[in-house]
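A.B. asks: got a predicted structure plus its sequence, pasted below:
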Amino acid sequence: MSYAVKELYTTLQGEGAHTGRRAVFLRFAGCNLWTGREQDRTEAVCTFCDTDFVGMDGPGGGRFADAEGLAAAVEREWGHTRDHRYVVCTGGEPLLQLDTALIEALHARGFEVGVETNGTQAAVPGLDWICVSPKADAELALRQGNELKLVYPQPLAMPERFEGLAFDHFFLQPMDGPTQAENIAAATAYCLANPRWRLSLQTHKLIGIP
Ligand SMILES: C[S@@+](CC[C@H](N)C(=O)[O-])C[C@H]1O[C@@H](n2cnc3c(N)ncnc32)[C@H](O)[C@@H]1O
Ligand SMILES: Nc1nc2[nH]cc(C(=O)O)c2c(=O)[nH]1
Ligand code: SF4
Ligand SMILES: [Mg+2]
């Protein structure tokens, strides 16, 4: 199948357990919880999104006809070094498009493959790192993985709802937006009181990289 890609770029993973790790970000276009249009935001299932995932017009973006072509573009973006290759599939919602053919083509080029997902879709087999970020009004289909990264606070998705699930790491990530300062304080207080949860700051925003 073909893939609609918003952008493809190299950066440091800014969030969660792999914070600071060099990665190619493969941002798929489209999401099932918001159209991406500002006029639809208040009516969306997910209302706080910080990302433009509409269209294929970003750096390195476009329509890729097949898995080989997209994996080759990821490899070109990474550069020639063979070690520690890591690609983070995000979006939009990557599990609407990511499939076995693409994971195999990326593995064949020596990449570990991570995903950032809202958890509403089943995962494709073969992923090396699964980060699920549940959204209050969306049913969670993907209930196990490597890290659960909850944007905080979401009144209908408080941490207690998730801490029994089968994840290795539990992160609270303060919601960016007009109340960010309060959200950082609240997330900090929660982690101090509940040591199972760690704080995930969006470090790429702090240092001004994408
Ligand atoms: C843009 S989403 C794309 C992947 C997938 N759709 C998801 O929601 O997990 C990437 C990450 O950013 C987080 N995120 C989105 N908007 C945010 C905000 N305003 N503040 C903090 N984190 C946010 C998401 O929860 C998710 O963990
Ligand atoms: N540097 C950086 N790290 C990230 N981790 C998750 C991100 C995402 O948008 O999925 C993200 C992002 O947009 N940039
Ligand atoms: S589910 Fe992810 S990509 Fe979709 S609107 Fe929410 S944060 Fe944005
Ligand atoms: Mg982001």
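C.D. replies: Thanks, I have the structure now. Residues are numbered from 1 along each chain as shown. Ligands and ions are numbered 1, 2, ... in the order given.

A.B. asks: buried ones in stretch 26-40?
C.D. replies: 26-34, 36 (16 or more other CB atoms under 10 Å). (Each C-beta comes from the backbone N, C-alpha and C, glycine too.)

A.B. asks: next one: stretch 64-84
C.D. replies: Those would be 64, 67, 70-71, 73-75, 77-78, for stretch 64-84 by 16+ other CB under 10 Å.

A.B. asks: what about these, which are in helices?
C.D. replies: Judged by DSSP state H, helices contain the following of the buried residues of stretch 64-84: 67, 70-71, 73-75, 77-78.

A.B. asks: is the longest helix seen in the chain up against ligand 1 anywhere?
C.D. replies: Taking DSSP H as the criterion, the chain has its longest helix at helix 180-193. No: applying CB under 6 Å from any ligand atom, one finds helix 180-193 out of contact with ligand 1, separated by at least 7.9 Å.

A.B. asks: please point out which parts of that helix sit buried.
C.D. replies: Applying 16+ other CB under 10 Å to helix 180-193 flags 183-184, 186-187, 190-191 as buried.

A.B. asks: before we move on, what about stretch 140-148?
C.D. replies: Those would be 140, 142, 145-148, for stretch 140-148 by 16+ other CB under 10 Å.

A.B. asks: who's in contact with that stretch?
C.D. replies: The contact list for stretch 140-148 (CB atoms under 8 Å, 6 or more residues apart in numbering) reads 16-17, 95, 117, 119-123, 129-134, 162, 165-171.

A.B. asks: just the buried subset of these, written out for ChimeraX, thanks.
C.D. replies: Those of these that count as buried under 16+ other CB under 10 Å are selected in ChimeraX with:
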select :16,17,95,117,119,120,123,129,130,131,132,133,134,162,165,167,169,170,171
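
A.B. asks: ok, and of the contacts of stretch 140-148, which contact ligand 2?
C.D. replies: Among these, ligand 2 is touched by none when using CB under 6 Å from any ligand atom.
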